[in-house]
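1. Just the structure for this:
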Amino acid sequence: MTIAESASLAPDDGRARRNVVILALASAILGAQMPVHFVLGGLSGQILAENKALATLPISATVFCSMFAAPAVALLMGRYGRRAGFFVGVAGGAAGAALNALALLLGSFPLLLAGSALIGIYMAAQGQYRFAAADTASPAFRPKAISYVMAGGLAAAIIGPQMIVPLAREALAPVPFAGAYVATALLNLLAAPLLLFLDIPRPPRRAKGAPSGRPMREILAEPRVRAAMICAMVSYALMNLVMTATPLAVVGCGFSPDMAGSIVSAHVLAMFAPSFFTGHLIARFGAERIVLAGLALLGLTAVVAMSGTGTLEFFVALVLLGIGWNFGFIGATDMLTAGQRPEERAKVQGLNDFLVFGLVTIASLSSGALLNGFESVEAGWDAVNIAVAPFLTLAVVTLIWLKFRRRGA
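-> Numbering: from 1, shown residues only. Predicted structure coming up:
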């Protein structure tokens, strides 16, 4: 076969590349609301909650709602297309941010929890951006498509903590943070039209009684699928465990909310900046090796975090945390998409995100309890980072098991 003939048979990823651009922009602009909420949710809870151990409960409400919204959004997309699910997410984000602003104005912690839960609908929909990027991509372009869409979060790290938080948080003074939530509600409404330009075909309707791919037990029997789900759960949950506690730990150690925002911003930058080359690394070294590298960085995060509570230690630990999450989560996503058939996407992706956000919910609930369960912030911060160890061990052992299982096959 000649080079010209080979080129003619190469898949056309033109549509996939256009979708990647739109999804990356949506991740950058609409996604900015998530770092805003992760910076201000715990601090707002600290103001409104009578029991300060419940300060991170708004973040927990977000990820708890996203746990149940994820399968529903995935099934909605499987029936009506990606855009329908993404618009539902935008509606949830706008309504949740508006309720959070109202909660701060009224001094209502329950209302803050309700608004934070609605933001979880957006979080669930945003989680599907990475899967949507893979829908129209060839196998060769798939890891890069996922990675490039995740890179949109790089701009979100600037727009959210560095622009919306400092510029709008005192807009409704003397009530802190309410203005930032109003700004994120408006952000949803103004940026939603971006999603109209997506060109992802609606999945074909199944005939009545026709099977939707393999039974779930058969899919889960594949070692690579199980390993992908476990590594995705651990990577995301450990990142959330440490990140949720960070603003409270930083402020508790005597630094300002602006410093907490800068540290979270550095973390979010580190989460998404590697995405420009993570896909290339996966294509060259394989997803499993990249996931293992991410898990190693998550372990190193805990070591650095427990070495001190100065700004340098916070910055370095949170940067390592972001890179570790990027490698672990993107690598696990590629492993999962490679192990499913097109007709199985909705149920596999929905189950995966249900499990991911389920463990993230536990992590975020534990974060506040661990941080506030000791006599000093420093001791609580150490407890948060010690809690990383058992989950990290589970994920590493799973990858090692997968490797030896393949050798024995």
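
2. Going by C-alpha atoms from here, please, whenever you check contacts or count neighbours.
-> OK.

3. which stretch of helix or strand covers I59?
-> helix 57-80 (DSSP states H and E).

4. For the helix or strand that that helix is followed by, which residues meet the burial criterion?
-> Next along the chain after helix 57-80, taking DSSP H and E as the criterion, comes helix 82-106. Buried positions in helix 82-106, judged by neighbour count with 16 or more other CA atoms under 10 Å: 82-105.

5. So for the next helix or strand after helix 82-106, what gets flagged as buried?
-> Sequence order places helix 109-126 as the next helix or strand after helix 82-106, per DSSP H and E. Neighbour-count burial for helix 109-126, counted by 16+ other CA under 10 Å, picks out 109, 111-126.

6. cool, and stretch 131-146?
-> For stretch 131-146, by 16+ other CA under 10 Å, it's 131-137, 141-146.

7. got those as CSV, with distance to G308, secondary structure and pLDDT columns?
-> Below are the buried residues of stretch 131-146 laid out as CSV (distance: CA to CA, whole Å; DSSP: H, G, I helix; E, B strand; the rest coil; pLDDT from 0 to 100):
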residue, distance to G308, secondary structure, pLDDT
F131, 38, helix, 87
A132, 41, helix, 92
A133, 40, helix, 90
A134, 41, helix, 86
D135, 44, helix, 87
T136, 46, coil, 87
A137, 45, coil, 88
F141, 42, coil, 89
R142, 40, helix, 85
P143, 37, helix, 86
K144, 37, helix, 86
A145, 38, helix, 90
I146, 35, helix, 87
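
8. For R341, state which of the residues you listed is nearest.
-> R341 lies nearest to D135 out of the buried residues of stretch 131-146, by CA to CA, at 10.9 Å.

9. List the contacts of the closest one.
-> The contact partners of D135, by CA atoms under 8 Å, 6 or more residues apart in numbering, come to 16, 200.

10. any low-confidence regions in the stretch 301-409 of the chain?
-> Scanning the stretch 301-409 of the chain for pLDDT under 70 picks out the ranges 407-409.

11. Now do the helices in it.
-> With helices called from DSSP state H, counting those that start in this stretch, the stretch 301-409 of the chain shows them at 311-338, 345-372, 377-386, 388-408.

12. Output the contacting helices and strands for the shortest one.
-> In this structure, helix 377-386 makes packing contacts with helix 223-252, helix 287-305, helix 345-372, judged by 3 or more CA pairs under 8 Å, 6 or more residues apart in numbering; DSSP states H and E.

13. Quick check: buried residues in the longest one?
-> It stands for helix 223-252. For helix 223-252, by 16+ other CA under 10 Å, it's 223-251.

14. Please work out the angle formed by the directions of the very next helix or strand once past it and helix 311-338.
-> As assigned by DSSP H and E, the chain's next helix or strand after helix 223-252 is helix 257-272. Put simply, helix 257-272 runs at 30 degrees to helix 311-338, going by axes from the mean of the first three to the mean of the last three CA atoms, to 10 degrees.

15. Tell me which residues of helix 257-272 come out buried.
-> Those would be 257-258, 260-272, for helix 257-272 by 16+ other CA under 10 Å.

16. Closest one to G160 out of those residues, please.
-> S265 (8.0 Å).

17. Helix or strand: which one has the nearest residue to the closest one once chain neighbours are set aside?
-> Nearest residue to S265 in three dimensions, chain neighbours excluded: A157, at 5.3 Å (CA to CA, 6 or more residues apart in numbering). Element membership of A157, judged by DSSP H and E, is helix 153-158.

18. average model confidence for that helix?
-> For helix 153-158, the mean per-residue pLDDT is 83.

19. Who are the packing partners of that helix?
-> helix 14-29, helix 33-48, helix 257-272.

20. mind giving me CSV with the ones you listed and columns for distance to A151?
-> Shown next, in CSV, are these (distance: least, CA to CA, whole Å):
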stretch, distance to A151
helix 14-29, 7
helix 33-48, 14
helix 257-272, 5
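
21. how about those, which one is nearest F329?
-> helix 257-272 (9.9 Å).

22. Show me what the closest one is packed up against.
-> Against helix 257-272 (3+ CA pairs under 8 Å, 6+ apart) you get helix 33-48, helix 153-158, helix 223-252, helix 311-338.

23. now with 6 Å?
-> Helices and strands touching helix 257-272, by 3 or more CA pairs under 6 Å, 6 or more residues apart in numbering; DSSP states H and E, are helix 153-158, helix 311-338.

24. which ones are touching A155?
-> Contacts here follow CA atoms under 6 Å, 6 or more residues apart in numbering; on that basis A155 touches A28.
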